[in-house]
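Chemist: Return atomic coordinates for the entry below.
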Amino acid sequence: MRRLPEVEMSDGKRTFPGLSVIFIVCISTVAAMGQLGSNVPSDQQLLQQRSQERSIGFVIAAPPAGKTLRPVERVPRRRFGIVGNFPLNSEDLNALVYPSLLEAERQFLLEGMKFFTTLHTAEEGGGPMNNQTFCLGCHESTSEQLPIPGVVSPDSCIPGSPCVSLVSRAARSSPTNHRLVGFDPATGAGRAPDNVDAFNNTGKTAAFTTFGDFSFALNVFDPLDGTFVNPVTKSTQALGGFVQHVRPSVTACLPKPLPSLDDDINLVGRDANNLSTIGFRRSVGERAGPPYIGRGLMEAIPTNDILANEDPQDILTHASSLGVFAAVMGCGGDCIAGRHNEIPAKGGFVGGVGRFGLRANGVEILQFTTGGLQGELSFTSLLNMNEINLAPINAAQPGCKAAFDNPHGPEVHLSIPFSERNFIRNTAPPEFGDVLLHLLQSPDPARRREEDSLEAKVQRGAELFGIDLEAFANRMVAGRMPASGDDGLDPHAINQRDRKLNCAGCHIPVHRTGQSPAEVGAQNLSFVWAPIFSDLLLHENPVIDAERFATRTRDPLVITRVANHHGDNDHGDNDDDRSGDNHARGQDGDTGRRVFATFDLPRSLTDDTFSNQKGSANGRDFRTAPLMGLGRMGAPFLHDARVFLSRLTVDTAPAGTVTTNKSQTNAPLVVRTLDDAILAAIELHDLPAPDDKHTPNVPGAGCPVPPANADTNVAYGLSPASVICPAYDSDVSKTNRSEAREVVRRFRSLSHEDQEALIAFLRQL
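Modeler: Model (predicted):
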């Protein structure tokens, strides 16, 4: 792996001879042949580097025996994510990258950062089929964030700036109405989801729609992009898949529709369950761009460390004082059966153990910087020269076809995706919130704190999560680790004596890193303790078969719910991570709470849409989400950003579901604060609890089944509650609940106060 030659000066600082000169050439070079980018290093040099990287492969070794690890650097919390207007400039790096990154190294990030945050045009090469006009189009959640002090939003940022950067994620202010987004009969095209009215209009989101045909019997997926040869019919179909592009940069092009089921040769002769005579179903899903926080750390985790946490046969178990429910729910061990995603080498990318992407279908960061250029922006490069296939509707449009057929070479120099890789690798996690940081810096983090204090609440939440606070402090605070080490404590900072909820069983708090493959900034990424809060493994999520087998995602469903009291006020810290969201507690007669028409959150987290490089994942599998920066960046949550919290709809059409604790079963949950959103995300880790005597008789309580008069495209059968909220000892529960079913059942057995303590801890990350 090529690295920048560094020299240690007499004062102990590092320098990179000639780097400043290279950068001056970089920023003053005029792009040749109309290509975007500096071409410094040149395309030829980077192709040679890429050839070397591919020949080495991608396996990260463990640190050498006796190597001393140190806590990873973190960006001061108040500064993290606070950026100016785009395109961002060098000053904005202070809010994103490792503080000790040398000025000379930062220059190698600037081209990627500028491209990431610059609007692009069709004249530059942006194709007729694209999702966004710039990378930030999929990373704009902070622009819609509520004014919650301590959470990045325009209110906490530089005046006039939306505070959008790569540490934001895809925004959502409503569900997507795929009846309208998928096909507009007036034009024969699709429609962009850009209207907040999801009931009568499209809905509004920066998530993107994925689609294709899946056969369970053959375990194959046709992305409908012309690359798949059907093993039954021996034919191919180019119907514009695998992503529905609805924001074309060429005005002559209409948005892409979802292909008609009747025009799809895979789907001839469908039965009542939407299964064709040759065994295919249409599958439609959504994906949301993640926040790119600490990805360079994830890249540097030793490969064998990831594999060591697998338990595909669910053999392993653990100690917990909160009860054991695994046996009654049909589990062999603790219900958690994580496994890695094995990715085949394809095209210019290496194969191996997946660690990036919502389904861990990426081995290396470069796959995503290149894929985003082509798949979302329609920019080609020497690493991916394929233009996106036109949907049939656009192929017939003369102006659109002319734009697509315009002959040209690669549209961007390789200096852009390689600089973007530097940028993403060196984007650091934020410092913890003040309460957690003070706890970790204290002489004894496990000592009982004063009852009812914020520190006691965060401490209780960390312990419920499954964290050993002493082990965590030793790895997160410089100078805390004893000289002889703390071999008696778990290296991942998990409390193996009592994991309590066992959130840490998947969201592993701490990983060590080996030698980073980065050529820029490796000293910040190598041989450190990193608070990833993920095992980077695949886990089965809850499934509702009726929703899985529908030919489009469920139509937006409105359920009236009374607002709850899960406000943010109780979970602040000395970093002002408290909400002034008292307006969430409006009045409604004698109840003292407002009633909202909520968009019900679907409880199935399964769909069978895949890219051509899905590896060994299946429709129920998603990689454990890293929780770094969760409390700083806020909602939305989950793989498609379905748990939304947006200033655009919080007072008119919020998200809603139900939640269970020791006192109440399936009580209404209206998502109007960050605490609500975190609680909803935890709840959606599994199907809802079955109703019982503790289910309150208030609007929106009870198993979230569609009302009898609901107009929905999903047929749940005669007894919807039995499949949406199955009894824990039923066959449906044993097969359709998620790997988190024991963890979530324990969570539901907690008091409201203990649940709040867990949320208070999560807000400190």
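Chemist: quick one: secondary structure of the spatially most central residue of the chain?
Modeler: The residue lying closest to the centre of the chain (CA atoms, centre = their mean) is Pro290, at 3.8 Å. At Pro290 the chain is in coil, as set by DSSP: H, G, I helix; E, B strand; the rest coil.
Chemist: Let me see the contact set for it.
Modeler: 169, 358, 625 (CB atoms under 8 Å, 6 or more residues apart in numbering). All C-beta spots, glycine's among them, are computed from the backbone N, C-alpha and C.
Chemist: On the three-state scheme, the spatially closest residue to the second one that is not a sequence neighbour is what?
Modeler: By the measure of CB to CB, 6 or more residues apart in numbering, the closest residue to Leu358 outside its immediate chain neighbours is His639, 4.7 Å from it. Under three-state DSSP, the three-state class of His639 is coil.
Chemist: neighbours around His639, how many?
Modeler: Look at His639: counted by other CB atoms under 10 Å, it has 19 neighbours.
Chemist: Next, find the distance separating it from Asn541.
Modeler: Going from His639 to Asn541 by CB to CB, to the nearest Å gives 9 Å.
Chemist: Give me the neighbour count for Pro99.
Modeler: Count around Pro99 with other CB under 10 Å applied: 13.
Chemist: Surely it and Val75 touch.
Modeler: Yes - between Pro99 and Val75 there is a contact under CB atoms under 8 Å: 6.5 Å.
Chemist: any weak-confidence spans in the stretch 551-700 of the chain?
Modeler: Along the stretch 551-700 of the chain, the model assigns pLDDT under 70 to residues 565-592, 612-613.
Chemist: cool, the chain as well?
Modeler: Short version for the chain, where the test is pLDDT under 70: 1-33, 406-407, 565-592, 612-613.
Chemist: domain ranges for it?
Modeler: 7-58+76-172+353-425, 173-205+208-287, 303-339+430-530, 555-601+643-683+685-755 (automatic domain parsing).
Chemist: Which one of these lies nearest to Phe610?
Modeler: domain 173-205+208-287 (4.7 Å; CB to CB).
Chemist: rewinding a little: and the contacts of Pro290 as CSV, adding secondary structure and neighbour count?
Modeler: Shown next, in CSV, are the contacts of Pro290 (DSSP: H, G, I helix; E, B strand; the rest coil; neighbours: other CB atoms under 10 Å):
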residue, secondary structure, neighbour count
Arg169, coil, 25
Leu358, coil, 18
Ala625, coil, 18
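Chemist: Identify each buried residue in stretch 122-134, please.
Modeler: 122, 124-134 (16 or more other CB atoms under 10 Å).
Chemist: Same check on stretch 350-357?
Modeler: Those buried within stretch 350-357 under the rule 16+ other CB under 10 Å are 350, 352-357.
Chemist: What of stretch 445-457?
Modeler: 445-446, 449, 454-457.
Chemist: Which pair of those residues spans the longest distance?
Modeler: Every pair of the buried residues of stretch 445-457 checked by CB to CB; the farthest is Ala446 and Leu454, at 16.8 Å.
Chemist: Assumed Gln49 was part of a strand.
Modeler: No - Gln49: not assigned to a strand; according to three-state DSSP it is helix.
Chemist: all helices of the stretch 1-150 of the chain, in order?
Modeler: 19-28, 43-56, 103-116 (DSSP state H, counting those that start in this stretch).
Chemist: nearest to Lys204, of those helices?
Modeler: Nearest of the helices of the stretch 1-150 of the chain (CB to CB): helix 103-116, 22.6 Å.
Chemist: which element follows that closest one toward the C-terminus?
Modeler: Next along the chain after helix 103-116, taking DSSP states H and E as the criterion, comes helix 178-182.
Chemist: Mind giving me the packing neighbours of the helix or strand just after that next one?
Modeler: Counting by DSSP H and E, the next helix or strand C-terminal to helix 178-182 is strand 194-195. On a contact count with 3 or more CB pairs under 8 Å, 6 or more residues apart in numbering; DSSP states H and E, strand 194-195 meets strand 203-204.
Chemist: do you know which of the helices of the stretch 1-150 of the chain lies nearest His752?
Modeler: helix 103-116 (41.8 Å).
Chemist: Save the domains of the chain as CSV, and put in distance to Arg763 too.
Modeler: Formatted as CSV, the domains of the chain follow (distance: least, CB to CB, whole Å):
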stretch, distance to Arg763
domain 7-58+76-172+353-425, 8
domain 173-205+208-287, 22
domain 303-339+430-530, 7
domain 555-601+643-683+685-755, 5
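Chemist: Could you point out which of the ones you listed sits nearest Arg70?
Modeler: Per CB to CB, nearest to Arg70 of the domains of the chain: domain 303-339+430-530, 5.7 Å.
Chemist: Quick check: end-to-end length of that closest one?
Modeler: Domain 303-339+430-530 stretches 15 Å from its first residue to its last (CA to CA, to the nearest Å).
Chemist: For that domain, what is the distance to the chain centroid?
Modeler: The chain centroid and the centroid of domain 303-339+430-530 are separated by 21 Å under CA atoms, centre = their mean, to the nearest Å.
Chemist: What strands flank the host helix or strand of Phe599, and is each parallel or antiparallel?
Modeler: Assigned by DSSP H and E, Phe599 belongs to strand 595-600. Applying DSSP bridges to the sheet, strand 595-600 is found paired with strand 558-562 (antiparallel), strand 655-659 (parallel).
Chemist: Only the buried residues of it, if you could.
Modeler: Within strand 595-600, the residues that count as buried by 16+ other CB under 10 Å are 595-596, 598-600.
Chemist: And for stretch 462-472?
Modeler: 462-472.
Chemist: likewise stretch 619-632?
Modeler: 619-632.
Chemist: export that stretch as PDB, just CAs?
Modeler: Output of stretch 619-632 as PDB, limited to C-alpha atoms (Å, rounded to 0.1, in the frame of the first residue of the first chain):
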ATOM      1  CA  GLY A 619     -33.700 -10.000   2.600                       C
ATOM      2  CA  ARG A 620     -33.900 -10.100   6.400                       C
ATOM      3  CA  ASP A 621     -30.200  -9.300   6.900                       C
ATOM      4  CA  PHE A 622     -28.900  -5.900   7.800                       C
ATOM      5  CA  ARG A 623     -25.600  -5.000   9.300                       C
ATOM      6  CA  THR A 624     -25.500  -3.700  12.900                       C
ATOM      7  CA  ALA A 625     -25.600   0.100  12.600                       C
ATOM      8  CA  PRO A 626     -22.600   1.900  14.200                       C
ATOM      9  CA  LEU A 627     -23.800   4.200  16.900                       C
ATOM     10  CA  MET A 628     -20.900   6.700  16.900                       C
ATOM     11  CA  GLY A 629     -22.200  10.200  17.000                       C
ATOM     12  CA  LEU A 630     -25.900   9.200  17.400                       C
ATOM     13  CA  GLY A 631     -26.600  11.700  20.100                       C
ATOM     14  CA  ARG A 632     -24.800  14.500  18.300                       C
END
